[in-house]
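S.K.: Fold the following and give me the result.
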Amino acid sequence: MARLLFIIMMLDLVFAKSILPTKPNIVFLICESTDSRTYNPDSNVPLPNIDKLLKQGVLFQSFYSNAPVCCPSRSSLWSGRAPHKIPHEHNGIQVNGVWNNYEGLPKGYNMTITDLLKANGYETKISGKTDWTVGGHSENVYLNSWTMYTRFPYDVHKHGGWYDENDCPKNPSIASNNKTERHGDWKTVHSTINWIKKVANGSKPFFAYQGMNIVHPAYSTNEYWLNKIDNSTIVVPEWRNLTDLHPCDFQSSMLKDCTPSDKNADAFYNKVRRRTIRRVYRAMIAEFDAMVGAYYDAVSDAGVLDRTVFIVTSDHGDMDMEHQQFYKMVPYDASSRVPCVISGPGISPMTTNVPTQLLDLFPTMMDLAGIPKPDYLDGYSLVPLLTDQTDPTRPDYVISQFHGCNIAMSWFLIRQGDYKYVTYGTGKEVTPQLFNLVKDPNENVNLVNVSKDIAKKMEATLSQAIDYPAVALDVATYGLAMFHWWVNKTGSKWVDEIHKSSLRWTDSWNVDPDASLEAVKTWMNQPPQVLACRSELVWPPPKDQHYKLAN
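M.R.: Got it, this is the predicted structure:
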């Protein structure tokens, strides 16, 4: 049976490759923070250039980021390894995965997609945002991540709680001009397409990559792009009472500064503001589409459309005010599911709902280029799906995870069929979540205590694919070790450094500096442990438990 399956797979791949160009040029574009659903056929975002690609391309509608934040997502994609399978040494500490934005591929890592393409005859160009190397991002990011299980004091009613970010309450920015090339990414677009024009008709195929900063918050556009979005089509998500949220949802909303104090509540909860944010967000995506068009036109002008494959995706999504959040980092589809379009000669135009992932792009590009795939890759080639074929070796699920800032526990999700199952920590601390994404695409109804057989089956599949309790504890151990390293490096002044004015949590810290410092000292002097997301609007909780959240 195993041999039969192998023969079927080989026949599928041979057929697929027979109609795809040999060693095609590859244009690989990764934007920021884009919710997959904005690429749906019924989307209210005009995407004329994406639509052009889809005339000879595949839209992957169940395509997930394996860790929905910048550096872990990109490290995983470019190495072809799952986030928990990228061991490296950092600051003299063994780190077993890319847990947060401070962790990534080791400096000097030379087995990325680009490295293999270049070694096999491709001209290569890397431009724009890379962000896949260890040690990047700010002190703010890694201190937030390491101290995830610290019991900082907070009071939502008085101060908006304890927050690590400060952009959520801000209004979007709309410039009063009609510039079509508004965003700074355009400069890199032009330099990269000029490179394409120079090498397009050379003796070697080319690989051109640009990492865009658009659509990353802050939410900002101008009148030209805003007017592309029909305001009447914007749906404003309803928000639940904070006391009705899952504890980990509440914590993420609070840590992102999306739970205003009573004093600031009216301005924050204004629906007109939310509608404007969502319109501006879509305007940013429309501008990215124009960048895609610039690449398409450059390839067309060079006369090499018939031997060029375009791959367009995003590193992660953005909550865009859904579930009272912005930014990414959480398991909801708005954050974890991203668009993916692969277009080119020989590709069957279609939409697929097969669960797929960013990890799949490494083996896909190796197959397109005719390069033997390294045996350690964790993803599966998408080439069979590009020609409406099947791959019996592909699992019927994908997995995502995250362990960094703006969350209160490690989380793990599995998408399989119509359902998504989410568990936190070791699986014992808080209630998991189960959503039917077909009947409940906005993920408002937790079915974990209703569809118990489905939840049990999906948890078993997840635990076979990843020992998530062990990973969660390893992350907690890592965070504590890294924090002690930082204290030793910083010396006695660490007690001041930890709440200096440039850190985004400093306003929260300064509400009660003594209690904040005591919380850190208590955590750092205990053994590593995975603690439940707190379910109170005030911490330490008052004797009256009226403000406790539903678990």
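S.K.: The stretch 201-350 of the chain: helices as residue ranges?
M.R.: 223-226, 247-255, 265-268, 271-301, 333-336 (DSSP state H, counting those that start in this stretch).
S.K.: would you list those in TSV and tack on distance to Val45?
M.R.: Every C-beta, even on glycine, is put in place using the N, C-alpha and C of the backbone. Output for those, formatted as TSV (distance: least, Cβ to Cβ, whole Å):
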stretch	distance to Val45
helix 223-226	11
helix 247-255	25
helix 265-268	25
helix 271-301	5
helix 333-336	14
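S.K.: Sketch out the low-pLDDT regions of this protein for me.
M.R.: For the chain, applying pLDDT under 70 flags the ranges 1-18, 544-551.
S.K.: What number of neighbouring residues does the residue lying closest to Ser508 once chain neighbours are set aside come out with?
M.R.: With sequence-adjacent residues excluded and distances taken as Cβ to Cβ, 6 or more residues apart in numbering, Ser508 is closest to Trp162, at 4.5 Å. Trp162 has 26 neighbours, counted by other Cβ atoms under 10 Å.
S.K.: residues in contact with Trp162?
M.R.: Applying Cβ atoms under 8 Å, 6 or more residues apart in numbering, we find Trp162 in contact with Phe152, Pro153, Tyr154, Met254, Leu255, Trp505, Ser508, Trp539.
S.K.: circling back: who wins for proximity to Ala481 among the helices of the stretch 201-350 of the chain?
M.R.: helix 247-255 (22.2 Å; Cβ to Cβ).
S.K.: So what's the gap between the closest one and the chain middle?
M.R.: 18 Å (Cα atoms, centre = their mean, to the nearest Å).
S.K.: Ok, stretch 225-233 next?
M.R.: For stretch 225-233, the distance to the chain centre is 25 Å (Cα atoms, centre = their mean).
S.K.: coming back round to it: distance of the residue nearest to Ser508 relative to Asp185?
M.R.: Trp162 sits 34 Å away from Asp185, going by Cβ to Cβ, to the nearest Å.
S.K.: Equivalent analysis for Ile26, please.
M.R.: 19 Å.
S.K.: Quickly find the element holding Thr364.
M.R.: Using DSSP states H and E, Thr364 maps to helix 361-369.
S.K.: what helices or strands is the helix or strand just after that helix leaning on?
M.R.: Where DSSP H and E defines the elements, the next helix or strand beyond helix 361-369 is helix 383-386. Here helix 383-386 touches helix 2-19, strand 57-60, helix 361-369, going by 3 or more Cβ pairs under 8 Å, 6 or more residues apart in numbering; DSSP states H and E.
S.K.: The last one packs against which elements?
M.R.: What that stands for is helix 361-369. Checking 3+ Cβ pairs under 8 Å, 6+ apart, helix 361-369 ends up next to strand 25-31, helix 70-79, helix 113-119, strand 308-314, helix 383-386.
S.K.: related to what we said a few turns ago, where's the residue nearest to Ser508, which helix or strand?
M.R.: Here Trp162 is assigned to no helix or strand, by DSSP H and E.
S.K.: What does it show for phi and psi?
M.R.: Per-residue torsions, Trp162: phi -100, psi 120 (degrees, to the nearest 10).
S.K.: same question, Gln357
M.R.: Backbone torsions of Gln357, given as degrees, to the nearest 10, read phi -160, psi 160.
S.K.: Quick check: it touching Ala67?
M.R.: No: here Gln357 lies out of contact with Ala67, judged by Cβ atoms under 8 Å, at a distance of 10.5 Å.
S.K.: Tell me which of those two has more neighbours.
M.R.: The neighbour comparison of Gln357 against Ala67 (other Cβ under 10 Å) goes to Ala67, with 31 against 27.
S.K.: which ones are touching the closest residue in space to that one that isn't next to it in sequence?
M.R.: In this structure, Ala67 finds its nearest non-sequential neighbour in Pro83, 4.3 Å apart by Cβ to Cβ, 6+ apart. Counting by Cβ under 8 Å, 6+ apart, Pro83 touches Asn66, Ala67, Pro72, Ser75, Ser76, Gly97, Val98, Trp99, Gln401.
S.K.: swap in Met365?
M.R.: Ile26, Phe28, Ile113, Leu117, Ile311.
S.K.: I'd say the third one and Leu359 touch.
M.R.: No: under the contact definition of Cβ under 8 Å, Ile113 does not touch Leu359, with a separation of 11.6 Å.
S.K.: Just the CA atoms of stretch 478-497, as PDB, please.
M.R.: C-alpha atoms of stretch 478-497 as PDB (Å, rounded to 0.1, in the frame of the first residue of the first chain):
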ATOM      1  CA  TYR A 478      13.500  29.700  28.400                       C
ATOM      2  CA  GLY A 479      11.800  33.000  29.500                       C
ATOM      3  CA  LEU A 480      13.100  32.700  33.000                       C
ATOM      4  CA  ALA A 481      16.700  31.800  31.900                       C
ATOM      5  CA  MET A 482      16.800  34.700  29.400                       C
ATOM      6  CA  PHE A 483      15.500  37.200  32.000                       C
ATOM      7  CA  HIS A 484      18.200  36.100  34.500                       C
ATOM      8  CA  TRP A 485      20.800  36.600  31.700                       C
ATOM      9  CA  TRP A 486      19.500  40.100  31.100                       C
ATOM     10  CA  VAL A 487      19.600  41.000  34.800                       C
ATOM     11  CA  ASN A 488      23.200  39.700  35.100                       C
ATOM     12  CA  LYS A 489      24.200  41.600  31.900                       C
ATOM     13  CA  THR A 490      22.500  44.800  33.100                       C
ATOM     14  CA  GLY A 491      23.700  44.700  36.600                       C
ATOM     15  CA  SER A 492      22.100  46.300  39.600                       C
ATOM     16  CA  LYS A 493      20.600  49.100  37.500                       C
ATOM     17  CA  TRP A 494      18.200  46.500  36.000                       C
ATOM     18  CA  VAL A 495      15.500  47.600  38.500                       C
ATOM     19  CA  ASP A 496      15.500  51.000  36.800                       C
ATOM     20  CA  GLU A 497      16.200  49.800  33.200                       C
END
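S.K.: ok, and for it, which residues are buried?
M.R.: For stretch 478-497, a neighbour-count test (16 or more other Cβ atoms under 10 Å) marks Tyr478, Gly479, Leu480, Ala481, Met482, Phe483, Trp486, Val487 as buried.
S.K.: ok, residues contacting it?
M.R.: Here stretch 478-497 has contacts from 90-93, 95-96, 99, 102, 142-143, 145-149, 517, 523-524, 528, using Cβ under 8 Å, 6+ apart.
S.K.: Out of these, which end up buried?
M.R.: Counted by 16+ other Cβ under 10 Å, these give 90, 95-96, 99, 102, 142-143, 145-149, 523 as buried.
S.K.: For the buried residues of stretch 478-497, please prepare TSV with the additional fields secondary structure.
M.R.: Shown next, in TSV, are the buried residues of stretch 478-497 (DSSP: H, G, I helix; E, B strand; the rest coil):
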residue	secondary structure
Tyr478	helix
Gly479	helix
Leu480	helix
Ala481	helix
Met482	helix
Phe483	helix
Trp486	helix
Val487	helix
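S.K.: can you list those residues in TSV and add distance to Lys271?
M.R.: Converted to TSV, the buried residues of stretch 478-497 look like this (distance: Cβ to Cβ, whole Å):
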residue	distance to Lys271
Tyr478	41
Gly479	38
Leu480	42
Ala481	45
Met482	41
Phe483	41
Trp486	42
Val487	45
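S.K.: of all those, which comes closest to Met329?
M.R.: Nearest member of the buried residues of stretch 478-497 to Met329, counting by Cβ to Cβ, is Gly479, at 15.5 Å.
S.K.: Any figure for the gap between Tyr122 and Met365?
M.R.: Distance from Tyr122 to Met365, by Cβ to Cβ: 10 Å.
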